[in-house]
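# no sequence for this one, just the structure:
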(Lines give C-alpha, C1' and ligand atoms only; values in the text may rest on other atoms or scores of the structure.)
Protein backbone atom coordinates (compact mmCIF):
# COMPACT_ATOMS: atom_id res chain seq x y z
CA UNK A 1 0.00 0.00 0.00
CA UNK A 2 2.97 2.31 0.47
CA UNK A 3 3.71 2.16 -3.24
CA UNK A 4 0.10 2.43 -4.41
CA UNK A 5 -0.14 6.21 -3.98
CA UNK A 6 2.81 6.89 -6.27
CA UNK A 7 0.65 7.56 -9.37
CA UNK A 8 -1.08 10.34 -7.44
CA UNK A 9 2.10 12.33 -8.04
CA UNK A 10 0.54 12.90 -11.46
CA UNK A 11 -1.42 15.74 -9.86
CA UNK A 12 1.71 17.76 -10.57
CA UNK A 13 0.77 17.38 -14.24
CA UNK A 14 -2.38 19.40 -13.48
CA UNK A 15 -4.86 16.58 -13.84
CA UNK A 16 -8.02 16.98 -11.79
CA UNK A 17 -7.81 15.29 -8.35
CA UNK A 18 -11.22 13.74 -9.05
CA UNK A 19 -9.91 12.31 -12.32
CA UNK A 20 -6.85 10.91 -10.54
CA UNK A 21 -9.07 9.24 -7.95
CA UNK A 22 -11.41 7.85 -10.62
CA UNK A 23 -8.49 6.39 -12.56
CA UNK A 24 -7.09 4.71 -9.45
CA UNK A 25 -10.50 3.34 -8.45
CA UNK A 26 -10.91 1.91 -11.95
CA UNK A 27 -7.67 -0.01 -11.38
CA UNK A 28 -8.96 -1.05 -7.97
CA UNK A 29 -12.18 -2.31 -9.57
CA UNK A 30 -10.20 -4.47 -11.99
CA UNK A 31 -8.01 -5.84 -9.21
CA UNK A 32 -10.82 -6.58 -6.78
CA UNK A 33 -12.52 -8.74 -9.39
CA UNK A 34 -9.60 -10.54 -11.00
CA UNK A 35 -7.57 -11.45 -7.89
CA UNK A 36 -10.39 -13.18 -5.95
CA UNK A 37 -11.46 -15.10 -9.05
CA UNK A 38 -7.88 -16.10 -9.78
CA UNK A 39 -7.35 -17.34 -6.21
CA UNK A 40 -10.69 -19.02 -5.50
CA UNK A 41 -13.01 -18.81 -8.51
CA UNK A 42 -16.36 -17.09 -9.11
CA UNK A 43 -18.36 -20.08 -7.85
CA UNK A 44 -16.60 -19.84 -4.48
CA UNK A 45 -17.41 -16.12 -4.22
CA UNK A 46 -21.05 -16.67 -5.19
CA UNK A 47 -21.42 -19.38 -2.53
CA UNK A 48 -19.95 -17.11 0.14
CA UNK A 49 -22.25 -14.22 -0.77
CA UNK A 50 -25.32 -16.47 -0.69
CA UNK A 51 -24.37 -17.50 2.85
CA UNK A 52 -23.85 -13.91 3.98
CA UNK A 53 -26.33 -11.72 2.04
CA UNK A 54 -26.64 -9.28 4.96
CA UNK A 55 -23.00 -8.27 4.50
CA UNK A 56 -23.45 -7.03 0.93
CA UNK A 57 -24.75 -3.69 2.21
CA UNK A 58 -21.88 -3.38 4.69
CA UNK A 59 -19.28 -4.12 2.03
CA UNK A 60 -20.82 -1.53 -0.30
CA UNK A 61 -20.81 1.06 2.49
CA UNK A 62 -17.15 0.36 3.18
CA UNK A 63 -16.41 0.94 -0.49
CA UNK A 64 -18.14 4.33 -0.43
CA UNK A 65 -16.09 5.42 2.59
CA UNK A 66 -12.89 4.25 0.90
CA UNK A 67 -13.64 6.18 -2.28
CA UNK A 68 -14.25 9.49 -0.49
CA UNK A 69 -11.13 9.01 1.63
CA UNK A 70 -9.03 8.18 -1.42
CA UNK A 71 -10.20 11.38 -3.14
CA UNK A 72 -9.15 13.39 -0.08
CA UNK A 73 -5.68 11.85 -0.26
CA UNK A 74 -5.27 13.23 -3.78
CA UNK A 75 -5.84 16.76 -2.49
CA UNK A 76 -3.52 16.10 0.45
CA UNK A 77 -0.67 14.88 -1.76
CA UNK A 78 -1.13 17.84 -4.08
CA UNK A 79 -0.88 20.38 -1.25
CA UNK A 80 1.66 18.91 1.18
CA UNK A 81 3.38 16.05 -0.69
CA UNK A 82 3.42 12.27 -0.34
CA UNK A 83 6.02 12.09 2.43
CA UNK A 84 3.93 14.27 4.76
CA UNK A 85 0.37 13.37 3.74
CA UNK A 86 0.95 9.63 4.11
CA UNK A 87 1.64 9.64 7.87
CA UNK A 88 -1.14 12.13 8.55
CA UNK A 89 -3.92 9.98 7.10
CA UNK A 90 -2.51 6.96 8.91
CA UNK A 91 -4.11 8.34 12.06
CA UNK A 92 -6.88 5.99 10.94
CA UNK A 93 -5.27 3.49 13.32
CA UNK A 94 -6.56 5.51 16.28
CA UNK A 95 -10.07 5.57 14.85
CA UNK A 96 -9.94 1.85 14.12
CA UNK A 97 -8.63 1.15 17.62
CA UNK A 98 -11.56 3.04 19.15
CA UNK A 99 -14.19 1.25 17.06
CA UNK A 100 -12.58 -2.13 17.72
CA UNK A 101 -12.77 -1.51 21.47
CA UNK A 102 -16.29 -0.07 21.44
CA UNK A 103 -18.07 -2.44 19.05
CA UNK A 104 -16.14 -5.71 18.92
CA UNK A 105 -14.65 -6.22 22.39
CA UNK A 106 -11.04 -5.73 21.32
CA UNK A 107 -8.72 -4.93 24.27
CA UNK A 108 -11.54 -5.62 26.73
CA UNK A 109 -10.03 -7.14 29.86
CA UNK A 110 -6.47 -6.33 28.73
CA UNK A 111 -3.87 -6.05 31.49
CA UNK A 112 -2.06 -2.89 32.54
CA UNK A 113 0.97 -3.68 30.37
CA UNK A 114 -1.18 -4.00 27.29
CA UNK A 115 -3.00 -0.75 28.00
CA UNK A 116 0.32 1.01 28.50
CA UNK A 117 1.34 -0.16 25.04
CA UNK A 118 -1.96 1.01 23.59
CA UNK A 119 -2.10 4.40 25.31
CA UNK A 120 1.61 5.03 24.80
CA UNK A 121 1.34 4.06 21.17
CA UNK A 122 -1.68 6.31 20.67
CA UNK A 123 0.14 9.27 22.21
CA UNK A 124 3.15 8.59 19.99
CA UNK A 125 0.92 8.59 16.90
CA UNK A 126 -0.63 11.91 17.91
CA UNK A 127 2.78 13.44 18.63
CA UNK A 128 4.12 12.26 15.31
CA UNK A 129 1.10 13.75 13.57
CA UNK A 130 1.71 17.13 15.22
CA UNK A 131 5.36 17.08 14.13
CA UNK A 132 4.45 16.35 10.55
CA UNK A 133 1.71 18.97 10.48
CA UNK A 134 4.20 21.55 11.74
CA UNK A 135 6.79 20.44 9.19
CA UNK A 136 4.27 20.73 6.36
CA UNK A 137 3.18 24.26 7.23
CA UNK A 138 6.81 25.34 7.78
CA UNK A 139 8.18 23.96 4.51
CA UNK A 140 5.27 24.83 2.21
CA UNK A 141 5.34 28.01 0.19
CA UNK A 142 1.54 28.45 0.54
CA UNK A 143 0.43 28.14 4.16
CA UNK A 144 -3.27 28.04 3.23
CA UNK A 145 -2.75 25.18 0.77
CA UNK A 146 -0.69 23.32 3.38
CA UNK A 147 -3.51 23.72 5.91
CA UNK A 148 -6.05 22.37 3.42
CA UNK A 149 -3.75 19.46 2.64
CA UNK A 150 -3.34 18.61 6.32
CA UNK A 151 -7.11 18.69 6.86
CA UNK A 152 -7.69 16.53 3.78
CA UNK A 153 -5.19 13.93 5.01
CA UNK A 154 -6.72 13.85 8.50
CA UNK A 155 -10.21 13.59 6.99
CA UNK A 156 -9.08 10.61 4.94
CA UNK A 157 -7.75 9.01 8.12
CA UNK A 158 -11.11 9.52 9.86
CA UNK A 159 -13.05 7.90 7.02
CA UNK A 160 -10.63 5.01 6.63
CA UNK A 161 -10.69 4.36 10.38
CA UNK A 162 -14.50 4.18 10.30
CA UNK A 163 -14.39 1.97 7.21
CA UNK A 164 -12.91 -0.85 9.30
CA UNK A 165 -16.23 -1.37 11.11
CA UNK A 166 -17.73 -3.26 8.13
CA UNK A 167 -14.42 -5.12 7.77
CA UNK A 168 -14.54 -6.58 11.25
CA UNK A 169 -18.28 -7.21 11.14
CA UNK A 170 -17.84 -9.23 7.96
CA UNK A 171 -15.04 -11.39 9.32
CA UNK A 172 -16.76 -12.04 12.64
CA UNK A 173 -19.56 -13.41 10.45
CA UNK A 174 -17.19 -15.79 8.68
CA UNK A 175 -17.09 -14.02 5.32
CA UNK A 176 -14.01 -14.47 3.18
CA UNK A 177 -11.96 -11.30 2.54
CA UNK A 178 -11.97 -12.22 -1.14
CA UNK A 179 -15.76 -12.10 -1.27
CA UNK A 180 -15.89 -8.91 0.78
CA UNK A 181 -13.60 -6.91 -1.49
CA UNK A 182 -15.48 -8.09 -4.59
CA UNK A 183 -18.67 -6.39 -3.35
CA UNK A 184 -16.67 -3.56 -1.78
CA UNK A 185 -15.57 -2.34 -5.20
CA UNK A 186 -19.11 -1.47 -6.38
CA UNK A 187 -19.47 1.04 -3.55
CA UNK A 188 -16.13 2.70 -4.19
CA UNK A 189 -16.54 2.93 -7.97
CA UNK A 190 -20.05 4.37 -7.69
CA UNK A 191 -19.02 6.89 -5.03
CA UNK A 192 -15.98 8.23 -6.87
CA UNK A 193 -17.96 8.47 -10.11
CA UNK A 194 -20.66 10.53 -8.37
CA UNK A 195 -17.98 12.78 -6.83
CA UNK A 196 -16.41 13.38 -10.23
CA UNK A 197 -19.78 14.19 -11.84
CA UNK A 198 -21.08 16.51 -9.12
CA UNK A 199 -17.91 18.31 -8.05
CA UNK A 200 -15.79 18.37 -11.20
CA UNK A 201 -18.00 19.97 -13.84
CA UNK A 202 -20.36 17.24 -15.03
CA UNK A 203 -20.29 14.36 -17.48
CA UNK A 204 -19.06 16.24 -20.56
CA UNK A 205 -16.05 17.64 -18.72
CA UNK A 206 -15.25 14.24 -17.23
CA UNK A 207 -15.24 12.61 -20.67
CA UNK A 208 -13.01 15.38 -22.02
CA UNK A 209 -10.55 15.02 -19.11
CA UNK A 210 -10.44 11.25 -19.52
CA UNK A 211 -9.52 11.68 -23.17
CA UNK A 212 -6.78 14.19 -22.32
CA UNK A 213 -5.46 11.96 -19.53
CA UNK A 214 -5.31 8.84 -21.71
CA UNK A 215 -1.45 8.80 -21.78
CA UNK A 216 -1.46 8.62 -17.96
CA UNK A 217 -4.30 6.15 -17.40
CA UNK A 218 -2.01 3.12 -17.28
CA UNK A 219 -0.14 4.50 -14.27
CA UNK A 220 -3.40 5.24 -12.45
CA UNK A 221 -4.76 1.76 -13.18
CA UNK A 222 -1.52 0.20 -11.94
CA UNK A 223 -1.67 2.32 -8.79
CA UNK A 224 -5.18 1.08 -8.06
CA UNK A 225 -4.18 -2.52 -8.76
CA UNK A 226 -1.19 -2.18 -6.43
CA UNK A 227 -3.49 -0.83 -3.72
CA UNK A 228 -5.66 -3.95 -4.04
CA UNK A 229 -2.67 -6.17 -3.38
CA UNK A 230 -1.77 -4.27 -0.22
CA UNK A 231 -5.36 -3.92 0.95
CA UNK A 232 -5.92 -7.66 0.57
CA UNK A 233 -3.18 -8.28 3.13
CA UNK A 234 -4.80 -5.66 5.37
CA UNK A 235 -8.15 -7.43 5.05
CA UNK A 236 -6.62 -10.66 6.32
CA UNK A 237 -4.95 -8.75 9.16
CA UNK A 238 -8.33 -7.32 10.19
CA UNK A 239 -9.82 -10.82 10.08
CA UNK A 240 -7.20 -12.72 12.06
CA UNK A 241 -5.87 -10.21 14.61
CA UNK A 242 -8.56 -7.50 14.63
CA UNK A 243 -8.63 -3.87 13.56
CA UNK A 244 -7.09 -2.64 16.80
CA UNK A 245 -3.86 -4.46 16.01
CA UNK A 246 -3.91 -5.14 12.28
CA UNK A 247 -4.48 -1.55 11.19
CA UNK A 248 -1.70 0.05 13.27
CA UNK A 249 0.74 -2.55 11.98
CA UNK A 250 -0.32 -2.08 8.37
CA UNK A 251 0.14 1.67 8.83
CA UNK A 252 3.88 1.16 8.82
CA UNK A 253 3.30 1.63 5.10
CA UNK A 254 4.04 5.29 5.86
CA UNK A 255 7.74 4.41 5.88
CA UNK A 256 7.39 3.26 2.29
CA UNK A 257 5.47 6.39 1.41
CA UNK A 258 8.18 8.48 3.06
CA UNK A 259 10.90 6.59 1.20
CA UNK A 260 9.21 7.07 -2.18
CA UNK A 261 8.52 10.73 -1.52
CA UNK A 262 12.01 11.58 -0.29
CA UNK A 263 14.30 9.31 -2.29
CA UNK A 264 12.43 8.82 -5.58
CA UNK A 265 10.58 12.12 -5.99
CA UNK A 266 12.94 14.36 -3.99
CA UNK A 267 10.11 16.08 -2.13
CA UNK A 268 12.38 17.43 0.61
CA UNK A 269 15.20 18.58 -1.69
CA UNK A 270 14.38 22.24 -1.04
CA UNK A 271 13.90 21.88 2.70
CA UNK A 272 16.51 22.59 5.31
CA UNK A 273 18.25 19.88 7.30
CA UNK A 274 16.17 20.63 10.38
CA UNK A 275 12.87 20.14 8.58
CA UNK A 276 14.05 16.91 6.98
CA UNK A 277 14.93 15.49 10.37
CA UNK A 278 11.58 16.69 11.71
CA UNK A 279 9.72 14.75 9.01
CA UNK A 280 11.77 11.63 9.65
CA UNK A 281 11.34 11.92 13.43
CA UNK A 282 7.58 12.40 13.12
CA UNK A 283 7.23 9.38 10.84
CA UNK A 284 9.36 7.12 13.03
CA UNK A 285 7.48 8.24 16.13
CA UNK A 286 4.18 7.31 14.53
CA UNK A 287 5.53 3.93 13.42
CA UNK A 288 6.81 3.24 16.93
CA UNK A 289 3.38 4.07 18.35
CA UNK A 290 1.59 1.89 15.83
CA UNK A 291 3.95 -0.99 16.56
CA UNK A 292 3.36 -0.68 20.31
CA UNK A 293 -0.39 -0.83 19.75
CA UNK A 294 -0.07 -3.73 17.35
CA UNK A 295 1.92 -5.89 19.74
CA UNK A 296 -0.48 -5.54 22.66
CA UNK A 297 -1.31 -9.22 23.19
CA UNK A 298 -4.91 -10.42 23.50
CA UNK A 299 -5.78 -11.60 27.02
CA UNK A 300 -8.28 -14.35 27.84
CA UNK A 301 -10.90 -11.73 28.74
CA UNK A 302 -10.48 -10.14 25.34
CA UNK A 303 -10.91 -13.50 23.63
CA UNK A 304 -14.13 -13.96 25.60
CA UNK A 305 -15.34 -10.49 24.53
CA UNK A 306 -14.62 -11.36 20.91
CA UNK A 307 -16.62 -14.57 21.25
CA UNK A 308 -19.53 -12.56 22.64
CA UNK A 309 -19.37 -10.32 19.56
CA UNK A 310 -19.47 -13.42 17.37
CA UNK A 311 -22.42 -14.83 19.29
CA UNK A 312 -24.22 -11.54 18.76
CA UNK A 313 -23.72 -11.85 15.01
CA UNK A 314 -24.93 -15.46 15.09
CA UNK A 315 -28.14 -14.54 16.91
CA UNK A 316 -28.79 -11.58 14.64
CA UNK A 317 -28.27 -13.37 11.32
CA UNK A 318 -28.79 -17.06 12.12
CA UNK A 319 -25.14 -18.12 11.73
CA UNK A 320 -23.32 -21.15 13.14
CA UNK A 321 -20.83 -20.24 15.89
CA UNK A 322 -18.55 -23.24 15.34
CA UNK A 323 -18.21 -22.41 11.66
CA UNK A 324 -17.27 -18.82 12.50
CA UNK A 325 -14.68 -19.88 15.08
CA UNK A 326 -13.13 -22.27 12.56
CA UNK A 327 -13.04 -19.47 9.99
CA UNK A 328 -11.00 -17.25 12.34
CA UNK A 329 -8.56 -20.14 12.75
CA UNK A 330 -8.01 -20.31 8.99
CA UNK A 331 -10.30 -23.29 8.33
CA UNK A 332 -12.48 -22.78 5.26
CA UNK A 333 -15.81 -24.62 5.41
CA UNK A 334 -16.56 -23.69 1.80
CA UNK A 335 -13.84 -25.99 0.51
CA UNK A 336 -12.14 -25.64 -2.86
CA UNK A 337 -14.07 -24.58 -5.95
CA UNK A 338 -12.74 -25.10 -9.45
CA UNK A 339 -12.32 -22.26 -11.89
CA UNK A 340 -14.96 -21.86 -14.56
CA UNK A 341 -15.27 -20.11 -17.90
CA UNK A 342 -16.44 -16.87 -16.25
CA UNK A 343 -13.16 -16.60 -14.34
CA UNK A 344 -11.12 -16.73 -17.54
CA UNK A 345 -13.41 -14.21 -19.24
CA UNK A 346 -13.01 -11.71 -16.39
CA UNK A 347 -9.23 -12.17 -16.33
CA UNK A 348 -9.00 -11.72 -20.12
CA UNK A 349 -11.16 -8.57 -20.01
CA UNK A 350 -9.01 -7.01 -17.28
CA UNK A 351 -5.81 -7.88 -19.14
CA UNK A 352 -7.24 -6.34 -22.33
CA UNK A 353 -8.02 -3.09 -20.51
CA UNK A 354 -4.47 -2.86 -19.20
CA UNK A 355 -3.13 -3.53 -22.71
CA UNK A 356 -5.37 -0.79 -24.11
CA UNK A 357 -4.09 1.69 -21.51
CA UNK A 358 -0.48 0.61 -22.18
CA UNK A 359 -0.93 1.32 -25.89
CA UNK A 360 -1.56 5.01 -25.17
CA UNK A 361 0.79 5.31 -22.18
CA UNK A 362 3.51 7.95 -22.16
CA UNK A 363 6.13 9.03 -19.66
CA UNK A 364 4.80 11.78 -17.40
CA UNK A 365 6.67 15.01 -16.56
CA UNK A 366 7.55 13.90 -13.05
CA UNK A 367 11.18 13.92 -11.94
CA UNK A 368 12.31 10.62 -10.38
CA UNK A 369 15.46 8.89 -9.20
CA UNK A 370 15.56 5.66 -11.24
CA UNK A 371 18.02 3.90 -8.92
CA UNK A 372 15.92 4.35 -5.82
CA UNK A 373 12.77 3.48 -7.76
CA UNK A 374 14.24 0.12 -8.82
CA UNK A 375 15.47 -0.64 -5.30
CA UNK A 376 12.15 0.13 -3.63
CA UNK A 377 10.21 -1.76 -6.31
CA UNK A 378 12.40 -4.83 -5.81
CA UNK A 379 11.92 -4.72 -2.02
CA UNK A 380 8.15 -4.34 -2.42
CA UNK A 381 7.96 -7.30 -4.80
CA UNK A 382 10.00 -9.49 -2.45
CA UNK A 383 7.71 -8.71 0.48
CA UNK A 384 4.64 -9.31 -1.67
CA UNK A 385 5.80 -12.77 -2.71
CA UNK A 386 6.99 -13.73 0.77
CA UNK A 387 3.83 -12.53 2.50
CA UNK A 388 1.59 -14.16 -0.11
CA UNK A 389 3.26 -17.54 0.27
CA UNK A 390 3.05 -17.39 4.06
CA UNK A 391 -0.64 -16.47 3.96
CA UNK A 392 -1.38 -19.28 1.51
CA UNK A 393 0.38 -21.88 3.65
CA UNK A 394 -1.41 -20.80 6.83
CA UNK A 395 -4.93 -20.07 5.57
CA UNK A 396 -5.23 -21.02 1.86
CA UNK A 397 -6.61 -17.47 1.48
CA UNK A 398 -9.73 -18.39 3.46
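Structure received. Since the model is a prediction, treat every value here as computed from it, not as a measurement. Residues are numbered from 1 along each chain as shown.
# quick one: residue 175 and residue 54 touch, right?
No: in this structure residue 175 lies outside contact range of residue 54 using C-beta atoms under 8 Å: 9.8 Å. For every residue, glycine as well, the C-beta is placed using N, CA and C.
# for the stretch 51-200 of the chain, what spans make up the helices?
55-80, 82-89, 92-104, 112-139, 143-172, 177-199 (DSSP state H, counting those that start in this stretch).
# scratch that, the stretch 201-350 of the chain
Counting by DSSP H, counting those that start in this stretch, the helices of the stretch 201-350 of the chain are 203-212, 217-241, 243-250, 253-259, 273-294, 300-317, 321-328, 341-360.
# Report the rounded mean pLDDT for the last one.
The pLDDT scores in helix 341-360 average 91.
# just the shortest one next, same as before
Taken as a whole, helix 253-259 carries a mean pLDDT of 76.
# if we can go back for a sec, mean neighbour count added to the helices of the stretch 201-350 of the chain, as JSON lines?
Output for the helices of the stretch 201-350 of the chain, formatted as JSON lines (neighbours: other C-beta atoms under 10 Å):
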{"stretch": "helix 203-212", "mean neighbour count": "13"}
{"stretch": "helix 217-241", "mean neighbour count": "22"}
{"stretch": "helix 243-250", "mean neighbour count": "27"}
{"stretch": "helix 253-259", "mean neighbour count": "22"}
{"stretch": "helix 273-294", "mean neighbour count": "20"}
{"stretch": "helix 300-317", "mean neighbour count": "15"}
{"stretch": "helix 321-328", "mean neighbour count": "16"}
{"stretch": "helix 341-360", "mean neighbour count": "14"}
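# Need these in TSV (columns: distance to residue 193).
Formatted as TSV, these follow (distance: least, C-beta to C-beta, whole Å):
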stretch	distance to residue 193
helix 203-212	9
helix 217-241	14
helix 243-250	27
helix 253-259	26
helix 273-294	33
helix 300-317	31
helix 321-328	33
helix 341-360	16
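# Just say which of the helices of the stretch 51-200 of the chain is most tucked in.
Across the helices of the stretch 51-200 of the chain, averaging neighbours per residue (mean count of other C-beta atoms under 10 Å) puts helix 82-89 on top, at a mean of 28.
# quick one, it and helix 55-80 angle?
Here helix 82-89 runs at 140 degrees with respect to helix 55-80, directions being taken by axes from the mean of the first three to the mean of the last three C-alpha atoms, to 10 degrees.
# picking up where we left off before, name the residue in residue 175 and residue 54 with the higher neighbour count.
Using other C-beta atoms under 10 Å as the criterion, residue 175 and residue 54 rank with residue 175 on top: 25 against 15.
# Could I get the pLDDT score of the residue nearest the centre of the chain?
A centroid search over the chain (C-alpha atoms, centre = their mean) returns residue 231, at 4.7 Å, as the residue closest to the centre. Looking at residue 231, its pLDDT stands at 87.
# The one 10 residues further on too?
Per-residue confidence (pLDDT) for residue 241: 81.
# Next one: it from residue 289, what distance?
Distance of residue 241 to residue 289, given as C-beta to C-beta, to the nearest Å: 17 Å.
# Distance to residue 38 and mean pLDDT added to the helices of the stretch 51-200 of the chain, as CSV?
Listed next are the helices of the stretch 51-200 of the chain as CSV, based on distance: least, C-beta to C-beta, whole Å; pLDDT from 0 to 100:
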stretch, distance to residue 38, mean pLDDT
helix 55-80, 19, 88
helix 82-89, 29, 74
helix 92-104, 28, 85
helix 112-139, 36, 74
helix 143-172, 21, 85
helix 177-199, 10, 89
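# circling back: could you pull up the residues touching the nearest residue to the residue nearest to the centre of the chain once chain neighbours are set aside?
Closest residue to residue 231 apart from its sequence neighbours, by C-beta to C-beta, 6 or more residues apart in numbering: residue 1 at 6.4 Å. By C-beta atoms under 8 Å, 6 or more residues apart in numbering, the residues touching residue 1 are 226, 227, 230, 231, 234, 250, 253, 256.
# List the contacts of the third one.
Counting by C-beta under 8 Å, 6+ apart, residue 230 makes contact with 1, 2, 3, 4, 250, 253.
# ok, now how distant is the closest residue in space to residue 342 that isn't next to it in sequence from residue 36?
In this structure, residue 342 finds its nearest non-sequential neighbour in residue 42, 4.8 Å apart by C-beta to C-beta, 6+ apart. For residue 42, the distance to residue 36 (C-beta to C-beta) stands at 8 Å.
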